[in-house]
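Asker: could you look at this predicted model? Sequence included:
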Amino acid sequence: MNPNTTWSISRLINLTFGLFLGYYSASLSAKPCASTTFMIGAAKAEITGPLDPVGMMGYGEFSQKVAGIHMPLMSRALFVQDQCGGLPVVIVINDMGMIFGSIREQIIKSINKLLPGVFTESRVLLSATHTHAGVGGFADRLLYNITTGGRHQATMDAIVRGTVEAIVQAYQSQEPGTLQLSQGDSPDNLQFNRSLEAYEKNPPWEKSMYQNPFDPNMVMLVAKDLNNEEIAGFNWFGVHPVSLSIENNLVSGDNKGVAAFLLEEHLNKKPRQRQAPFIGGFVQSKAGDISPYPVGDFFWNPHPDDRGWTRNIDHGRSQFKLAATLIDQTGTPLSGPVQNFEATHSLAHEIYSLDGHIFKTCGGVLGVSFAAGTENARPFPIFKEGTIFGVNWPKWTLMPTEQTCHQQKVLLLPTGFLKPKSWTANRAPFQLVRLGNLLIAGLPFEVTTMAGRRIERMLMQTTSPFGIKQVVLTSLANEYLHYVTTREEYESQQYEGGSTLFGPHSLEAYQAILKSLAEQMVFESQQEKTSPSYHHSVKHLNNPPPP
């Protein structure tokens with residue numbers, strides 16, 4: 001037989017099998033629910049806590065102590081469940097610096113005392129706006145409590161109590177309604193890439209796909225009742241809430257807190273038949289390298305008499321105006337099932353496969369460039385960004401095996417190795433939530449613009465054949481693993497690269513985890529997947545609170 005004929009027959013068989021497998025997989029993933037009506041509820045509650053002179057969370061500055069309040073910190077919750085027997089999910093955005101696993105664990109335990117069996121880990125997507133003007137002392141690891149005067153139980157209790165209240169009220173207020181998506185670009189003066197040197201190292205073909213070294217797109221999810229009145233509006237937009245300077249000592253939600261306050265005030269002043277107030281959530285997205293200040297303008301003291309207040313209000317108002325415009329638009333209705341998938345993974349010294357390539361992670365270490373700070377922060381004088389092992393740093397290290405793994409990063413703080421409890425997390429949950437045609441990825445880290453774009457592209461390629469039309473990234477979700485950059489950005493060892501805990505291939509590892517979750521979501525008939533949760537020790541909760 002002609003070899004070409006044999007090859008053609010083989011190819012035909014493989015193609016036929018592939019089409020059958022694709023049809024079979026599609027039939028499994030095609031949920032019976034195609035309804036455009038969901039059960040929806042929304043609520044908010046305060047999480048500020050006591051204003052004793054404790055350290056603030058964000059800048060890691062010993063002198064930054066709470067002296068008053070600009071605006072209360074809030075927890076905002078959006079509950080969604082399909083009407084085809086699907087499982088519930090609640091999306092929560094808190095005015096906090098970050099989320100730690102111990103806080104999430106306490107919140108879920110407290111909810112289950114009030115609503116037994118309603119909310120498992122995979123049904124709660126908990127994230128932080130990343131305000132740098134919040135109260136500190138709520139971490140379960142020493143690194144984050146060094147500058148806050150230790151761990152403060154009253155602060156932790158306020159966060160848990162307020163978040164649980166928002167979730168329970170959102171659940172109890174549920175009613176039939178619709179979900180719509182709209183999106184639009186922000187003005188040019190809202191986002192500035194503070195690590196252009198790193199961004200420019202990405203491949204030219206990839207950079208040419210995008211007009212800007214930041215993502216100006218705001219994606220708005222609008223929930224409405226059956227009378228077409230707004231229940232809530234949650235949006236995804238990437239920018240650091242560091243408008244207020246490092247000299248500020250008033251508790252505030254920073255620019256995202258201001259934007260949420262203005263949006264809620266605007267919608268609740270409109271003539272409404274609804275008695276329940278509108279809830280506006282400003283979720284953090286691809287903000288790892290995005291600042292509200294241009295490089296060369298310093299958020300640690302932009303104007304001595306202003307401390308960032310003007311920029312904070314202006315920036316918050318601009319985000320609010322864009323969000324209000326998107327809510328007024330006729331959005332694209334969402335339809336389909338609600339699904340929740342989550343998996344907890346160990347990240348240190350693991351091997352992952354992605355698209356036929358094998359990648360290995362390293363132990364959790366923060367580098368010299370982490371200590372140097374960002375381009376428009378107050379630098380630590382003895383360290384500099386862009387410090388590369390063997391180039392502008394001697395080829396000498398106390399951790400030779402680990403240094404080989406981390407490559408360009410100059411190792412400084414082996415936070416993942418410290419005992420009795422590591423100073424940074426080595427395990428974290430990764431989460432996917434499907435709301436009809438919308439896929440939300442819960443990422444336990446801060447992600448740079450291009451790294452986030454790669455995750456979005458990968459998730460769209462995996463899920464778009466199965467009805468997903470929009471992917472959004474919720475960063476700082478459920479746990480905190482610092483930053484992740486692209487491999488190319490990592491090489492330049494700017495602040496974000498020095499803060500990428502698990503080495504140069506951290507992004508590929510995270511993509512492999514998320515791709516596996518996405519494939520389970522579209523190829524399996526189940527609506528929910530949760531890996532066994534991991535429990536946090538209460539014996540080593542860092543510094544004791546001050547007397």
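Answerer: Received it, and whenever you're ready, just let me know what you need.

Asker: only C-alpha atoms for contact and neighbour calcs from this point on.
Answerer: Noted.

Asker: you'd agree T424 is in a helix?
Answerer: No - checked against DSSP: H, G, I helix; E, B strand; the rest coil, T424 lies outside a helix; its state is coil.

Asker: how about it, phi and psi?
Answerer: T424 has phi and psi values of phi -130, psi 150 when expressed as degrees, to the nearest 10.

Asker: so it touches A348, yeah?
Answerer: No - using C-alpha atoms under 8 Å, T424 makes no contact with A348, being 11.2 Å away.

Asker: quick one, what contacts E489?
Answerer: Taking C-alpha atoms under 8 Å, 6 or more residues apart in numbering, we find E489 in contact with A198, Y199, E200, K201, N202, G497.

Asker: give me the common contacts of T424 and A348.
Answerer: Shared contacts of T424 and A348 (C-alpha under 8 Å, 6+ apart): G364.

Asker: re the thing from before, in a markdown table: the contacts of E489, plus pLDDT.
Answerer: A markdown table is the format used below for those (pLDDT from 0 to 100):
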| residue | pLDDT |
| --- | --- |
| A198 | 98 |
| Y199 | 98 |
| E200 | 98 |
| K201 | 98 |
| N202 | 98 |
| G497 | 98 |
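
Asker: who wins on neighbours among those?
Answerer: G497 (32 neighbours; other C-alpha atoms under 10 Å).

Asker: if I look at that residue, how far off is T448?
Answerer: Going from G497 to T448 by C-alpha to C-alpha, to the nearest Å gives 10 Å.

Asker: what touches both of the two?
Answerer: With C-alpha under 8 Å, 6+ apart, G497 and T448 have common neighbours Y483, V484, T485.

Asker: tell me which of these fall in helices.
Answerer: Among the shared contacts of G497 and T448, none falls in helices (DSSP state H).

Asker: which of those count as buried?
Answerer: For those, a burial check counting by 16 or more other C-alpha atoms under 10 Å picks out Y483, V484, T485.

Asker: and the gap between the first one and M57?
Answerer: What it means is Y483. Distance from Y483 to M57, by C-alpha to C-alpha: 17 Å.

Asker: ok, now the second one?
Answerer: Between V484 and M57 the computed distance is 20 Å (C-alpha to C-alpha).

Asker: before we move on, the earlier item: let me know the closest of the buried ones among the shared contacts of G497 and T448 to L114.
Answerer: Nearest to L114 among the buried ones among the shared contacts of G497 and T448 is Y483, at 34.9 Å by C-alpha to C-alpha.

Asker: host element of M458?
Answerer: helix 449-463 (DSSP states H and E).

Asker: can you give me the buried ones in that helix?
Answerer: Within helix 449-463, the residues that count as buried by 16+ other C-alpha under 10 Å are 449-456, 458-460, 462-463.

Asker: neighbouring contacts of it?
Answerer: 199, 202, 213-215, 286-290, 468-473, 484-486, 507, 511, 514-515, 518-519, 522.

Asker: could you redo the last one with a cut-off of 7 Å?
Answerer: For helix 449-463, contacts defined as C-alpha atoms under 7 Å, 6 or more residues apart in numbering pick out 214-215, 286-289, 471, 485-486, 511, 515, 518-519, 522.

Asker: what's the following helix or strand after it?
Answerer: Per DSSP H and E, the first helix or strand lying C-terminal to helix 449-463 is strand 470-474.

Asker: mean confidence (pLDDT) on that following strand, please.
Answerer: For strand 470-474, the mean pLDDT works out to 98.

Asker: name every strand pairing with the helix or strand hosting V92 and say which way it goes.
Answerer: Element membership for V92, per DSSP H and E: strand 89-94. In the sheet, strand 89-94 lines up against strand 74-82 (antiparallel), strand 124-128 (parallel) (DSSP bridges).

Asker: which residues touch that strand?
Answerer: 74-81, 123-129, 281, 283.

Asker: what about the contacts of E489, which are in helices?
Answerer: A198, Y199, G497.

Asker: quickly name whichever of those residues is closest to V118.
Answerer: The shortest gap between V118 and any of the ones in helices among the contacts of E489 belongs to G497, at 39.5 Å (C-alpha to C-alpha).

Asker: any idea how far the closest one lies from F417?
Answerer: Using C-alpha to C-alpha, one obtains 19 Å as the distance from G497 to F417.

Asker: again with V258
Answerer: Taking C-alpha to C-alpha, one finds V258 at 39 Å from F417.

Asker: these two: which is more packed in?
Answerer: Counting neighbours by other C-alpha under 10 Å for V258 and for F417 shows that V258 has the greater number, 22 against 17.

Asker: that one touches G316, doesn't it?
Answerer: Yes - counting by C-alpha atoms under 7 Å, G316 is a contact partner of V258 at 5.0 Å.

Asker: flag the shaky bits of the stretch 201-350 of the chain, pLDDT-wise.
Answerer: Applying pLDDT under 70 to the stretch 201-350 of the chain flags residues 296-307.

Asker: cool, and the chain?
Answerer: If you take pLDDT under 70 as the line, the chain has these spans: 1-32, 296-307, 375-380, 525-526, 531-547.

Asker: okay, which residue is most central for it?
Answerer: Per C-alpha atoms, centre = their mean, the C-alpha nearest to the average position across the chain is that of S475, at 0.9 Å.

Asker: what about the helices in the stretch 301-450 of the chain?
Answerer: 309-328, 368-372, 400-406, 449-463 (DSSP state H, counting those that start in this stretch).

Asker: got the CA coordinates for the shortest one in CSV?
Answerer: Just to be clear, that refers to helix 368-372. The C-alpha coordinates for helix 368-372 follow below in CSV (Å, rounded to 0.1, in the frame of the first residue of the first chain):
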residue,chain,number,x,y,z
VAL,A,368,16.6,41.8,46.5
SER,A,369,14.4,43.6,44.0
PHE,A,370,11.4,43.0,46.3
ALA,A,371,13.2,44.9,49.1
ALA,A,372,14.1,47.7,46.6
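
Asker: neighbouring contacts of it?
Answerer: The contact list for helix 368-372 (C-alpha under 7 Å, 6+ apart) reads 379-380, 383-387, 410-412, 493-495, 498-499.

Asker: related to what we said a few turns ago, may I see the buried residues of the strand holding V92?
Answerer: Residues of strand 89-94 classed as buried: V89, V90, I91, V92, I93, N94 (neighbour count, 16+ other C-alpha under 10 Å).

Asker: residues near the residue lying closest to the second one once chain neighbours are set aside, how many?
Answerer: Looking back up the chat, that one is V90. Leaving aside its sequence neighbours, V90 sits nearest to F79 (C-alpha to C-alpha, 6 or more residues apart in numbering; 4.3 Å). F79 has 28 neighbouring residues, counting by other C-alpha under 10 Å.

Asker: got the contact list for F79?
Answerer: F79 neighbours (C-alpha under 7 Å, 6+ apart): I40, G41, A42, V89, V90, I91, A170, Y171.
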